[in-house]
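Asker: fold the following and give me the result.
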Amino acid sequence: MKSKFNYIAAFWQVQLSLAIIKIIFTLRPEINLFTEEAQYWLWSKNLAWHYYSKPPLIAAFNYISTSILGDTEIAVRINAILFGLGTAWVVFKFTEFLFHSREMAFWASLILSAMPFWMLFSTFHMTDSELTFFWILSWYLLARALVEKRTRWWILAGVAAAFGLMSKSIMVVIVPILAIYLLFTSNFSTNRKGFAFFLILFSAGFLPSLIWNWQNGFSTFRHLATLGGVSGGSNGIDLGESLWGLLSYLGGQLAMISVFFLPFLWLSLKVIFHRSGVKLGFLFVPVLFTFFLFAGLSLFTSIEANWPAYAYPSLAIIFAYVLERDYKNWKRVKSTLIALSFAIPLVLFLPDVASWKSKVYLDQAEKVAFRRLSGYKDLAGRILYLKDSLQVEEAYYFSESYHMASELAFYLPEVPQVYVAGMGSRKNQFDLWKSLDQEIGLERTGMFVSWNESSPENVAQFGELIYEEKYPVYFKGKQLRTATIQVWRDLRYYQAIQTDRY
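Answerer: Next up, the predicted model:
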């Protein structure tokens, strides 16, 4: 008698193995927090209804995890790891629900886990970590609502979508996508009541944003308008720039899905356009809508490759279905391409025991890949050394960059006072917090740190420059970049450069 393979056990074995690898990666001493992670962590030390550029949920989860595990890298990244695990599990359950096959569900979760966007969102704690989980969870619950005709699924979907909206504002597009699907499948009238429940509960997710923006001049809306290319001063459309923006966008999306999965994408598109069906249509509509929405925006403004990827988990389900039902003879090819897609990030994530990476020429690739993840802890150590050597008892720290200021707040002890000097960069959360000008006349010592600026003197005047140096930081013995460190005393004048760049 043929034994029945346990696909649920296999799922957990794979996912827990990946989680362990990500934890090992996070604990590598040369790997620091990504600058956006540091910023979101700093938000958790200043809890609010909303923040300048993002809703409050990421700060809330950072607050919970760091309250338990302390202010450590793993305390921040455990959120991403858990949300990634949750996303993979929802994809498993979603596939099983639609196609009644645990084998297909396992392969869908495996394909998802090999996609670079999932590896990114489930390793580094970004707003996309929460958004992607709540997006696919909402879509799964909506599928159950449409199939089982039970109001409770509409209610649960509305709650999940509201949490998604409190993760990232782009969650709002779930409403038109769902409406389009219901209208095109002639299901809107029979699901009007459920849709209303969903919409009411989903709308509750707007409340934190509306409360905060009402109190802060609707800064978030101005920021989003700038990102969307409808604000911020345009000189008209340049055809060459628009074409380049679109091509860059297309390349970025292929990288997010995985270049190794291009054959899966091609086969899936062939199946969808020849015989779509209700289930495949339900999975494909959010991908199609989101892809073309950002493709259109890429003609007018710069689009980061990760922005549309929250809608891509359902692609993994489509790929698994098509390969299982229409291309069974692709099993060996499928396994090979999945393994190749896994290989690149996992090789980079694993520690360099006995310098094996330099022996296979991967050390340079690591240096490029982790450039923005290295040097901050070392820089903080140097600042503490200088503070002690110069016998500075109490100091504040500042930079022209919110990235640097956030990293200093994380790696210096006891969450010190940090500021961003307004030297012409676009507005950010620091513009709404305490300003550097409150140090005027206090005769305190300020330590300026920057990758890019040689001095803060074009916006600030001090009584005395005590010390300055150019400090190089290294990644595994190889120089990455050089920071300017200046120690100033007695701030006498500060005037930020005014900008309307949101």
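
Asker: A strand includes Leu465, no?
Answerer: Yes - counting by DSSP: H, G, I helix; E, B strand; the rest coil, Leu465 is part of a strand.

Asker: wait, it sits on Val487?
Answerer: Yes - Leu465 is within contact range of Val487, at 7.4 Å (criterion: Cβ atoms under 8 Å). In short, each C-beta sits where N, CA and C put it, glycine included.

Asker: which one of those two is surrounded by more residues?
Answerer: Taking other Cβ atoms under 10 Å, Leu465 and Val487 do not tie; Val487 has more neighbours (21 against 13).

Asker: nearest the geometric middle of this protein, what residue?
Answerer: Nearest residue to the geometric centre of the chain (Cα atoms, centre = their mean): Met126, 3.1 Å.

Asker: list the contacts for the closest residue to it other than its chain neighbours?
Answerer: Once flanking residues are discounted, Met126 sits nearest to Glu36: 6.2 Å by Cβ to Cβ, 6 or more residues apart in numbering. Each residue near Glu36 by Cβ atoms under 8 Å, 6 or more residues apart in numbering is listed here: 124, 126, 403.

Asker: where does the protein have low pLDDT?
Answerer: 1-3, 226-236, 276, 354, 359-360, 502 (pLDDT under 70).

Asker: burial count for the residue nearest to Trp43 when sequence neighbours are not counted?
Answerer: Excluding its sequence neighbours, the residue lying closest to Trp43 (Cβ to Cβ, 6+ apart) is Ala59, at 3.9 Å. Ala59 has 23 neighbours, counted by other Cβ under 10 Å.

Asker: what do you get for Lys93?
Answerer: For Lys93, the neighbour count with other Cβ under 10 Å is 16.

Asker: how near is it to Arg325?
Answerer: 19 Å (Cβ to Cβ, to the nearest Å).

Asker: now Arg492: phi and psi?
Answerer: Per-residue torsions, Arg492: phi -110, psi -20 (degrees, to the nearest 10).

Asker: surely it and Ile440 touch.
Answerer: Yes - contact criterion Cβ under 8 Å: Arg492 and Ile440 qualify, at 6.5 Å.

Asker: got phi/psi on Thr499?
Answerer: phi -140, psi 150.

Asker: so where do the strands sit in the stretch 401-502 of the chain?
Answerer: Using DSSP state E, counting those that start in this stretch, the strands of the stretch 401-502 of the chain run over 418-420, 445-450, 460-475, 478-494.

Asker: correct me if wrong: the residue nearest to Trp43 contacts Gln39.
Answerer: No - in this structure, Ala59 is not within contact of Gln39 by Cβ under 8 Å, at 9.9 Å.

Asker: higher neighbour count, Arg492 and Ile440?
Answerer: Ile440 (15 against 12).

Asker: return the residues in contact with that one.
Answerer: 491-494.

Asker: just the buried ones from the residues you listed?
Answerer: Neighbour counting over those (16 or more other Cβ atoms under 10 Å) leaves 491, 494 as the buried ones.

Asker: ok, the residue nearest to Trp43 - contacts?
Answerer: Contacts of Ala59 by Cβ under 8 Å, 6+ apart are 40, 43-44, 46-48, 51.

Asker: flag every buried residue along the helix or strand where it lies.
Answerer: Assessed by DSSP states H and E, Ala59 sits inside helix 57-69. The neighbour-count check on helix 57-69 (16+ other Cβ under 10 Å) flags 57-63, 65-66 as buried.

Asker: tabulate those (JSON lines), appending distance to Gln364.
Answerer: Converted to JSON lines, those look like this (distance: Cβ to Cβ, whole Å):
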{"residue": "Leu57", "distance to Gln364": "37"}
{"residue": "Ile58", "distance to Gln364": "33"}
{"residue": "Ala59", "distance to Gln364": "36"}
{"residue": "Ala60", "distance to Gln364": "39"}
{"residue": "Phe61", "distance to Gln364": "35"}
{"residue": "Asn62", "distance to Gln364": "33"}
{"residue": "Tyr63", "distance to Gln364": "38"}
{"residue": "Ser65", "distance to Gln364": "34"}
{"residue": "Thr66", "distance to Gln364": "34"}
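
Asker: tell me the one among the residues you listed nearest to Val278.
Answerer: Leu57 (32.2 Å; Cβ to Cβ).

Asker: what's the distance between Ala143 and Leu47?
Answerer: From Ala143 over to Leu47 the distance is 35 Å, taken as Cβ to Cβ.

Asker: the more surrounded of those two?
Answerer: Higher neighbour count among Ala143 and Leu47: Ala143, with 19 against 12, using other Cβ under 10 Å.

Asker: that one and Val90: what is the separation?
Answerer: 11 Å.

Asker: Glu394 too?
Answerer: Here Glu394 is placed at a distance of 49 Å from Val90 (Cβ to Cβ).

Asker: which one of those two has more residues nearby?
Answerer: Val90 (24 against 9).

Asker: Pro313 and Pro29, how far apart?
Answerer: Pro313 is 33 Å from Pro29, by Cβ to Cβ.

Asker: cool, and Ser219?
Answerer: Distance, Ser219 to Pro29, by Cβ to Cβ: 38 Å.

Asker: which elements pack onto the longest helix anywhere in the chain?
Answerer: Criterion DSSP state H: the longest helix present in the chain is helix 73-99. Contact here means 3 or more Cβ pairs under 8 Å, 6 or more residues apart in numbering; DSSP states H and E; on that basis helix 73-99 packs against helix 7-27, helix 35-44, helix 57-69, helix 102-114, helix 116-121, helix 127-148, helix 278-298, helix 313-325.
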